[in-house]
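Engineer: Okay, here's the prediction I keep looking at, along with the sequence it came from:
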Amino acid sequence: MNKIVKLLLSVFFFTLYKILDVFQYLFRSARSIKNQEKFLSNNFAPVHNEFFRQGLLIAEGRIPSDLNGELVRNGPNPRKVALGGYHWFDGDGMLHGVRIKDGSVSYVNRYVKTSRFEPLFFHAGVGELWGIFAILKVILTIFAEKFGLHKDFKDQTGSANTALVFHAKKFFALVESHKPTLVKILEDGELETIGVYSYNGNLKHNFTAHPKIDANTGEMMTFGYKFIGGAFLTYSVISKEGEVVRTFPIPLKRPVMMHDMAITTNYSIFFDFPVVFDQRGFLKNRSTVTFDKEYGSRIGILPRHAPDASTIRWFTVDTCYMFHSVNAWEEGDVVVISGCRSHTFQISNLGGGWIDSKLSPEDNVYKAVLYEWRINTKTGEVEEHQILADYFVEFPTIDYNLTGVKNQFCYLPYSTVSGLDTGFEGVIKYDLFSRRVVGMIKYPRNGLSGEAVFVPRENAKTEDDGYLLTFVYYEQSDSSQFVVMDAKTMSNKFLTAVDLPQRVPFGFHGLWVSEQDLASQQ
């Protein structure tokens with residue numbers, strides 16, 4: 001296809017898409033508009049400036065001498081919003097980075113430059129997947145990808161807005177609907193998008209936002225799901241050298257939104273929970289991604305190095321949904337899994353938008369609590385129960401060097417309201433051995449935040465000997481700080497607080513990249 005034909009096709013498809021967008025807008029409900037407004041206002045609203053500021057002043061405390069590297073946080077920051085609907089999950093990926101070296105602090109924020117930056121780009125987001133016009137939008141999107149109209153970033157129509165991973169000397173921005181995007185962190189902390197990464201063409205599926213790295217072997221376990229066509233779930237193992245060494249499909253009854261996985265020393269674990277793709281939503285003027293109680297919930301346990309899916313075992317559990325696991329490990333024949341579990345999740349109602357009239361008010365609200373499953377792989381017996389009351393929690397973190405092995409502490413942003421669509425009031429330190437809260441930090445001045453990334457101290461003596469890093473937002477001043485907290489003492493007094501040149505919107509996941517990893521990038 002020559003360039004002129006491709007350009008004409010791009011203009012034609014783009015114009016059709018915009019016409020459909022207008023018609024979809026005319027049929028929107030008041031509740032869907034409420035949902036959109038929620039995630040385009042207050043600290044969910046996007047920022048419009050990209051900064052690179054060095055030598056920031058420290059407002060409180062000092063930078064720990066052993067803290068050198070860069071904290072990068074990913075999250076949605078929409079440049080444009082479709083008339084047909086916007087969901088928090090749809091925004092363009094923006095990275096916020098704080099570079100620390102020898103006590104000096106810099107701040108940078110940069111968009112992940114995906115194909116969404118092409119002038120004639122279009123792609124149906126979560127907020128648009130409802131009603132009859134969405135069918136036509138999806139068809140146009142498929143044709144655009146088929147004809148390679150988004151040519152500059154082949155195979156990348158995703159936003160790269162969710163999470164980050166550093167593996168085999170490479171740093172990636174992730175979103176579960178597409179392949180990873182390679183990003184380079186420069187010596188001064190600047191962030192540069194390189195482009196889509198497909199492991200020399202060997203990665204054939206979408207890539208979860210939450211792959212799991214075994215610190216002992218260096219392997220990274222990952223998976224991809226899709227709603228339409230072919231295998232709904234595909235599993236891969238990537239070696240410590242960064243090569244895809246194993247990949248195969250895992251049969252599912254229906255396509256589901258599987259956000260996270262877990263690993264143990266010997267197993268990879270999958271959560272077949274009932275947020276499903278329901279085509280009837282196209283015809284019934286509601287979201288096509290919905291929670292279906294009748295589908296039920298099950299957890300799949302697969303030997304990590306199995307040659308295919310024939311040895312996976314599925315265990316039925318109480319119906320629920322979970323975005324994020326905390327960790328998993330083995331105790332003899334028992335696999336122990338913890339995570340932030342909700343009895344329901346309606347993707348279109350996050351933020352109080354669309355209400356499914358067939359469900360009770362309780363079943364329309366996502367409120368995650370800390371939960372544990374204990375699965376006996378020998379007898380098939382499953383024990384499950386909530387292990388923390390009183391608070392809603394999400395975005396859990398641990399010392400990721402302990403991923404897949406027994407660990408004592410996790411750090412949980414908490415809320416007394418909901419959290420995921422309100423911001424979190426502080427962070428809880430939870431002891432998984434004694435099953436109790438052993439520390440709690442409440443942010444000053446009614447501050448709100450999200451995930452708190454754990455960073456171990458140099459030569460740490462205990463598992464909790466380290467720091468918690470996050471961005472705290474203060475509504476009264478409409479400003480944000482980068483803060484460092486003591487993970488061992490959980491003191492309410494920040495070790496460090498740095499005023500930032502602009503607020504940092506609520507986002508998703510962050511990653512600490514050490515000085516050693518920064519220097520090793522390829």
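Structural biologist: Structure received.
Engineer: could you list every residue that touches the nearest residue to Gln36 once chain neighbours are set aside?
Structural biologist: In this structure, Gln36 finds its nearest non-sequential neighbour in Tyr86, 4.6 Å apart by C-beta to C-beta, 6 or more residues apart in numbering. All C-beta spots, glycine's among them, are computed from the backbone N, C-alpha and C. Going by C-beta atoms under 8 Å, 6 or more residues apart in numbering, Tyr86 touches 36, 39-40, 78, 125, 127.
Engineer: Now, of the residues you listed, which are buried?
Structural biologist: For these, a burial check counting by 16 or more other C-beta atoms under 10 Å picks out 36, 39, 78, 125, 127.
Engineer: how much space between the second one and Tyr199?
Structural biologist: In this structure, Phe39 lies at 33 Å from Tyr199, with C-beta to C-beta, to the nearest Å as the measure.
Engineer: re earlier: of the buried ones among the contacts of Tyr86, which one scores lowest on pLDDT?
Structural biologist: Here the lowest pLDDT out of these sits on Gln36, with 72.
Engineer: That residue belongs to a helix?
Structural biologist: Yes - counting by DSSP: H, G, I helix; E, B strand; the rest coil, Gln36 is located in a helix.
Engineer: okay but it is in contact with Gly85, surely?
Structural biologist: Yes - Gln36 lies in contact with Gly85 (C-beta atoms under 8 Å); the separation is 6.4 Å.
Engineer: Need the residues touching each of these two.
Structural biologist: Contacts common to Gln36 and Gly85, judged by C-beta under 8 Å, 6+ apart, are Gly127.
Engineer: in the stretch 151-300 of the chain, which spans are helices?
Structural biologist: 280-283 (DSSP state H, counting those that start in this stretch).
Engineer: hmm, I was thinking of the chain
Structural biologist: Here the chain has its helices, by DSSP state H, at 3-26, 30-38, 131-146, 280-283, 515-520.
Engineer: between those, which one is nearest to His385?
Structural biologist: Smallest distance to His385 across those (C-beta to C-beta): 32.3 Å, for helix 30-38.
Engineer: Tell me the one among the buried ones among the contacts of Tyr86 nearest to Thr193.
Structural biologist: Distances from Thr193 to the buried ones among the contacts of Tyr86, taken by C-beta to C-beta, are shortest for Pro78, at 17.2 Å.
Engineer: Dump the helices of the chain into TSV; add distance to Phe323 as well.
Structural biologist: Below are the helices of the chain laid out as TSV (distance: least, C-beta to C-beta, whole Å):
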stretch	distance to Phe323
helix 3-26	27
helix 30-38	18
helix 131-146	24
helix 280-283	21
helix 515-520	26
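Engineer: between those, which gets nearest to Gly426?
Structural biologist: helix 30-38 (22.0 Å).
Engineer: what residues are up against the residue sitting nearest the centre point of the chain?
Structural biologist: What sits nearest the mean C-alpha location of the chain, by C-alpha atoms, centre = their mean, is Thr162, with 4.0 Å. By C-beta under 8 Å, 6+ apart, Thr162 lies in contact with 74, 93, 174-176, 209, 508-509.
Engineer: now do 7 Å
Structural biologist: Neighbour list for Thr162: 74, 174-176, 209, 508-509 [criterion: C-beta atoms under 7 Å, 6 or more residues apart in numbering].
Engineer: How many neighbouring residues does the residue nearest to it when sequence neighbours are not counted have?
Structural biologist: Closest residue in space to Thr162, ignoring its immediate chain neighbours: Ala209 at 4.0 Å, by C-beta to C-beta, 6+ apart. Ala209: 25 surrounding residues under other C-beta atoms under 10 Å.
Engineer: Then Val245?
Structural biologist: The burial count for Val245: 12, using other C-beta under 10 Å.
Engineer: got it, and Phe133?
Structural biologist: 22.
Engineer: measure it to Asn446 for me?
Structural biologist: Distance from Phe133 to Asn446, by C-beta to C-beta: 41 Å.
Engineer: List the contacts of the residue nearest to Val126 when sequence neighbours are not counted.
Structural biologist: Nearest non-adjacent residue to Val126, counting by C-beta to C-beta, 6+ apart: His87, 4.1 Å away. By C-beta under 7 Å, 6+ apart, the residues touching His87 are 125-127.
Engineer: Distance check, His87 against Lys137.
Structural biologist: From His87 to Lys137 the distance is 14 Å (C-beta to C-beta).
Engineer: repeat for His96
Structural biologist: 31 Å.
Engineer: more crowded one of those two?
Structural biologist: Taking other C-beta under 10 Å, His96 and Lys137 do not tie; His96 has more neighbours (26 against 23).
Engineer: ok, what's across the strand from the more buried one?
Structural biologist: Arg73, Asn109 (DSSP bridges).
Engineer: And for the one 5 residues further on?
Structural biologist: Judged by DSSP bridges, the bridge partners of Lys101 are Ser104.
Engineer: Please look at it and Asn68 and confirm they touch.
Structural biologist: Yes - under the criterion of C-beta atoms under 7 Å, Lys101 makes contact with Asn68 at 5.4 Å.
Engineer: for the stretch 401-522 of the chain, which spans come out with low pLDDT?
Structural biologist: 419 (pLDDT under 70).
Engineer: typo on my end, it should be the chain
Structural biologist: 1, 29-35, 150-157, 281, 283-286, 348-364, 419.
Engineer: Can you list the buried residues in stretch 437-444?
Structural biologist: Under 16+ other C-beta under 10 Å, the buried positions of stretch 437-444 are 437, 439-441, 443-444.
Engineer: Could you do stretch 163-175 as well?
Structural biologist: Buried, per 16+ other C-beta under 10 Å, within stretch 163-175: 163-168, 170-175.
Engineer: Which two among these are spaced furthest apart?
Structural biologist: Across the buried residues of stretch 163-175 (C-beta to C-beta), the longest gap, 19.8 Å, separates Ala168 and Val175.
Engineer: which strands and helices sit next to the strand with the most length in the chain?
Structural biologist: Counting residues, the longest strand found in the chain (DSSP state E) is strand 321-331. Counting by 3 or more C-beta pairs under 7 Å, 6 or more residues apart in numbering; DSSP states H and E, the packing neighbours recorded for strand 321-331 are strand 261-263, strand 334-342.
Engineer: how about TSV for those strands, with distance to Val382 added?
Structural biologist: Below are these laid out as TSV (distance: least, C-beta to C-beta, whole Å):
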stretch	distance to Val382
strand 261-263	15
strand 334-342	10
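Engineer: right, so these: which one is the most enclosed?
Structural biologist: Highest mean neighbour count among the helices and strands packed on strand 321-331 (mean count of other C-beta atoms under 10 Å): strand 261-263, with a mean of 24.
Engineer: what comes into contact with that strand?
Structural biologist: 208, 210, 212, 214, 221, 223, 268-270, 304, 325, 327-328, 337, 403-404.
Engineer: What residues does Ala45 make contact with?
Structural biologist: Contacts of Ala45 by C-beta under 7 Å, 6+ apart are Pro505.
Engineer: try Phe392
Structural biologist: With C-beta under 7 Å, 6+ apart, Phe392 has these contacts: 367-369, 414-415, 418-419.
Engineer: Let's have the residues you listed in JSON lines, adding distance to Leu495 and neighbour count.
Structural biologist: JSON lines is the format used below for the contacts of Phe392 (distance: C-beta to C-beta, whole Å; neighbours: other C-beta atoms under 10 Å):
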{"residue": "Lys367", "distance to Leu495": "31", "neighbour count": "20"}
{"residue": "Ala368", "distance to Leu495": "28", "neighbour count": "27"}
{"residue": "Val369", "distance to Leu495": "29", "neighbour count": "19"}
{"residue": "Tyr414", "distance to Leu495": "20", "neighbour count": "22"}
{"residue": "Ser415", "distance to Leu495": "23", "neighbour count": "20"}
{"residue": "Ser418", "distance to Leu495": "29", "neighbour count": "18"}
{"residue": "Gly419", "distance to Leu495": "24", "neighbour count": "24"}
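Engineer: for those residues, which one is nearest Phe433?
Structural biologist: Val369 (18.8 Å).
Engineer: For that closest one, list each beta-bridge partner.
Structural biologist: Note on Val369: beta-bridge partners by DSSP bridges are Arg341.
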